[in-house]
Structure formats: C-alpha cells, structure tokens
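**Q** okay, structure incoming, though there's no sequence with it:
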Ligand SMILES: *Cc1c(COP(=O)(O)O)cnc(C)c1O
C-alpha cells in the first residue's frame, strides 16, 4: 500500500460516494481495508475483522477462495471477454448446463417438460437478473394470445435490486418513495411474515389474481426469506400456496434467489424448502464467489418457446458483459466447490449455533423481539422504529470495536457469514454480536 490511512481517508472524503450512506456522515469514518481472506478482512493498520454479512451477501465461500483465484487465472490465459451475439464459448455453455442441473425440479420426473428451468440468460448483477425476469415475463405475454398480462404482483417488504424496474417491484418504502413518479405500477400484497399470518398473505394474492384475472404477468417473490426487509423468514407453505394459485390462473412465479440461493438458507435454492419449481429463477451475488458481479436468470422451456418464431419475437435485450467468460469460469468453479467441498453440510453444522445465539439473546433481553434463524442466517429486532432508527448503528459501532463487521437493517441486527466459516471464527463472531447487542441496548 503506498498511501497511509489518513491520506486514503482524505481522498475518500473528497471523491468517493458511498452507497446507503448519508452525504454528511458524522458517524465513524470508513474502515480502510487492505486485505481479505476466508471469513476475515484486515485494515491498513493490520486490525482484523470478521465479515459477518459476507460483504453484503456475496462471499458465501469466503474471500479469495484459492480455487476461485486459480479458475480466474486459468480462464484469463485464454479468453477474458467476447460478445455473446453470434458467438459462444466453453465457459458459457458448460456453466449453463451445470446451473440447470442444480435447478429446483431438475430431478423431478413428474415435472412437465415445458416447466423445466432449462434456459439461462446471463447478465451482470442481482438487479439486472430481476430486470431480465420482468422483461421475459412481460414479452412472453405480449406475444401470446393474452397480451393484457402486463402487471406484476409483489410483496410488501420485498427487495429486488436498484434499477428502476427492480425498484418498482421492490416493496420497501424508504427505497422507493423518492422515485415514486418513475416506477411502474405494481399490485402490492402483504408480506407472508406479517403478524396476522401467511395465510392472509396468500388470500390477498389469490384475491388479486381473481380480480385481475387476465392482466397479471407474474408474481415476484424472494423465496423463504425477505432479506433486505430485515431477514423476515416465512413459512414454506406460503410459497407452495402461491405456486398453486399461479398455476390455477396460469400466471408465472418468479423466484428472486439472488440472496437466498447457493446454500444461504440451508438448501441449495430456498425454493427447495417448499419443493416449489418457479417459472423463472434469478441468481447473482454468491454465484461469482465475491470476485466480481455476475448473474443469471433461468427460465422455463415454456417461456423460451414463447420467443420462437420470427426475428420480431426475439428478446431484444442484453448487457455488454453478458456471459462474460471470466464470470462463467468462476461460477463453474463455485458450483464445483459446493459439490466437492460439501458446503451444504457445513451450513447444516453452523445453523444450530447461529440459532442458539439469537434465541439466547431474546431470552436474556425481553426488549429484543423475534429471534429467527434459517441456514446461515440469524437475526433479531431491537424493538426500535424502522429503517432510519439508530439503535442498530450503536450495535454496528460496538461490534467494530470488537473486530466484527456487521450492518444492521434498520432495527434488525443479523449475521449472514461465509458458509465456510470455521468454528473458532464463528464462535468469536457470535460472541462479538452478543456482547455488542448487550452493550448497545444498555446505553
Ligand atoms: C441484493 C439483492 C438484489 C440486487 O442485487 P445487486 O447485485 O445488488 O444488484 C436483488 N434481489 C435480492 C433478493 C437481493 O438480495
């Protein structure tokens, strides 16, 4: 490193615009990070931190996994980028095949052939994977005999990314309000996490599907966990019920697995908790192992078939880096690591510890609400007032002082560490979170 901490902070203050950060931030200055490996990173002064949120949910295999670095290096010797228009290559074709083999329903011989998730459209990140899903569904219906199907149903508290289409289906008011006039109209139904019960959330969707019978293009959900809303875990039965409701009205179900996919909830895809096969599945984040952004939207044969015919029926969409060979090669290695290093077994081993830590906190402090855990996710509510409250930030500061990096979601404090975190590091992480919450609520 050529510049020291103070010099870097001065440049940062002058020029770097941070995400989700007030312009006049009077909190702690950012940590200046020099290095990361596994579940930890180090600042320029050599202080070590545990990455409790896998760097915004991407480092499920930890940082700088040696196999991923090797795959990146190998691929970079051959081909780093090429357009996917009129061209194809080994990494894109093999990854598509291997990704399809992981899809929910792949082994289900009773699944109709046209319901199989077998068509992979590559893009850049979670938001674009959702944009692709929205446009695929919209165009499918537009060129069917049911062209009035243009509207989407999405859940209260949903998060689907940052682009304008993804923000439209998103249901967190704090992220939407200011862009209101730009967003397309979505039918919003209650979160299945609602205290009044997931059945009520199903009823609302069924009612909307009935009322707007031939105008709904798709129902879009984060399966099992609404991540950004505050790690709201809901019943698999909700997902099954809306799959059935979508089938009854012959409408698509889009599963946004950008956060929940790749083992985060204990199964490879969260849809598997409900044995549900969506019509479209979005994946990104952990797919490229915290090396760089990369995404895929996997659609059913039926949807693909809707684009057959003349040139005028083609999907006129594609990002510059669509199917980037480095991304494909790294994602292939990610999938190989899950298969060969038994990553899901590791999730099963750490899940009870995470659950126990959050349940113990709730027992100790009656003011803490709704301890919840699934797979490698644990969360608790501090009982404060929504997204902009600062109680969570007091935990953030207390945790940093203990060498744990976490980010609260409003009044929810959660952990979503690398799935491959080792036992001593997990123990240190859970202990650090427990101590930090204790300290922050005492003040
Ligand atoms: C993070 C996230 C996105 C957006 O992904 P980006 O890579 O940040 O664009 C979309 N959907 C869900 C469920 C997410 O958690």
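**A** That came in fine, so what should we check first? The structure displayed is predicted, hence computed values, not measured ones.
**Q** got phi/psi on residue 373?
**A** phi -160, psi 140 (degrees, to the nearest 10).
**Q** surely it is in contact with residue 355?
**A** Yes. Under the criterion of Cβ atoms under 8 Å, residue 373 makes contact with residue 355 at 3.8 Å. Any C-beta I mention is one placed from the backbone N, CA and C, and that applies to glycine too.
**Q** compare these two (neighbour count), which wins?
**A** When residue 373 and residue 355 are compared for neighbours, residue 373 comes out ahead with 23 against 17, by other Cβ atoms under 10 Å.
**Q** who's in contact with the more buried one?
**A** Residue 373 makes contacts with 233, 351, 354-355, 358-359, 379, as judged by Cβ atoms under 8 Å, 6 or more residues apart in numbering.
**Q** and with 10 Å instead?
**A** 231, 233, 266, 351-359, 379-380, 414-415 (Cβ atoms under 10 Å, 6 or more residues apart in numbering).
**Q** with residue 311 instead?
**A** With Cβ under 10 Å, 6+ apart, residue 311 has no contacts at all.
**Q** how about residue 359?
**A** Neighbours of residue 359 in contact, by Cβ under 10 Å, 6+ apart: 371-373, 378, 380.
**Q** wait, a helix at it?
**A** Yes. Checked against DSSP: H, G, I helix; E, B strand; the rest coil, residue 359 lies within a helix.
**Q** and it, what's its pLDDT?
**A** At residue 359, the model reports a pLDDT of 97.
**Q** give me the neighbour count for the residue lying closest to residue 239 once chain neighbours are set aside.
**A** Leaving out its chain neighbours, the residue that sits closest to residue 239 by Cβ to Cβ, 6 or more residues apart in numbering is residue 274, at 3.9 Å. By other Cβ under 10 Å, 21 other residues sit near residue 274.
**Q** then residue 327?
**A** 28.
**Q** host element of it?
**A** helix 325-340 (DSSP states H and E).
**Q** and the stretch 251-400 of the chain, which of its residues are near the ligand?
**A** Applying Cβ under 6 Å from any ligand atom, one finds that the stretch 251-400 of the chain approaches the ligand through 256, 258-259, 284-285.
**Q** nearest to residue 66, of those?
**A** Among these, residue 285 lies closest to residue 66 (Cβ to Cβ), at 20.4 Å.
**Q** residue 428 versus the closest residue to that closest one other than its chain neighbours, what's the distance?
**A** Nearest non-adjacent residue to residue 285, counting by Cβ to Cβ, 6+ apart: residue 58, 4.7 Å away. Using Cβ to Cβ, to the nearest Å, residue 58 is found at 21 Å from residue 428.
**Q** what's near enough to touch whichever residue of the chain sits closest to the ligand?
**A** Proximity of the chain to the ligand (Cβ to the nearest ligand atom) peaks at residue 126, 2.0 Å away. Contacts here follow Cβ under 10 Å, 6+ apart; on that basis residue 126 touches 57-58, 159-163, 166, 256-259, 261, 282-285, 287, 293, 295.
**Q** buried only: go through the residues you listed for me.
**A** 57-58, 159-161, 166, 256-259, 261, 282-285, 287, 293, 295 (16 or more other Cβ atoms under 10 Å).
**Q** wait, doesn't residue 235 sit right on residue 241?
**A** Yes. Look at residue 235 against residue 241 with Cβ atoms under 10 Å: they come within range, at 9.2 Å.
**Q** mutual contacts of the two, please.
**A** Common contact partners of residue 235 and residue 241 (Cβ under 10 Å, 6+ apart): 192, 198-199, 201-202, 274.
**Q** from the chain's centre, how far out does stretch 171-190 sit?
**A** 19 Å (Cα atoms, centre = their mean, to the nearest Å).
**Q** er, stretch 358-370 I mean
**A** For stretch 358-370, the distance to the chain centre is 26 Å (Cα atoms, centre = their mean).
**Q** buried ones in it?
**A** So, applying 16+ other Cβ under 10 Å, buried residues of stretch 358-370: 358, 361-362, 365, 368, 370.
**Q** what of stretch 427-439?
**A** Buried, per 16+ other Cβ under 10 Å, within stretch 427-439: 428-430, 432-433, 436-437, 439.
**Q** next: stretch 166-178.
**A** By neighbour count on 16+ other Cβ under 10 Å, the buried set for stretch 166-178 is 166-172, 175.
**Q** residue 352: neighbour count?
**A** With other Cβ under 10 Å as criterion, residue 352 counts 10.
**Q** then residue 315?
**A** Neighbour tally, residue 315, other Cβ under 10 Å: 16.
**Q** spatially nearest residue to it, not counting backbone neighbours?
**A** Leaving aside its sequence neighbours, residue 315 sits nearest to residue 307 (Cβ to Cβ, 6+ apart; 5.6 Å).
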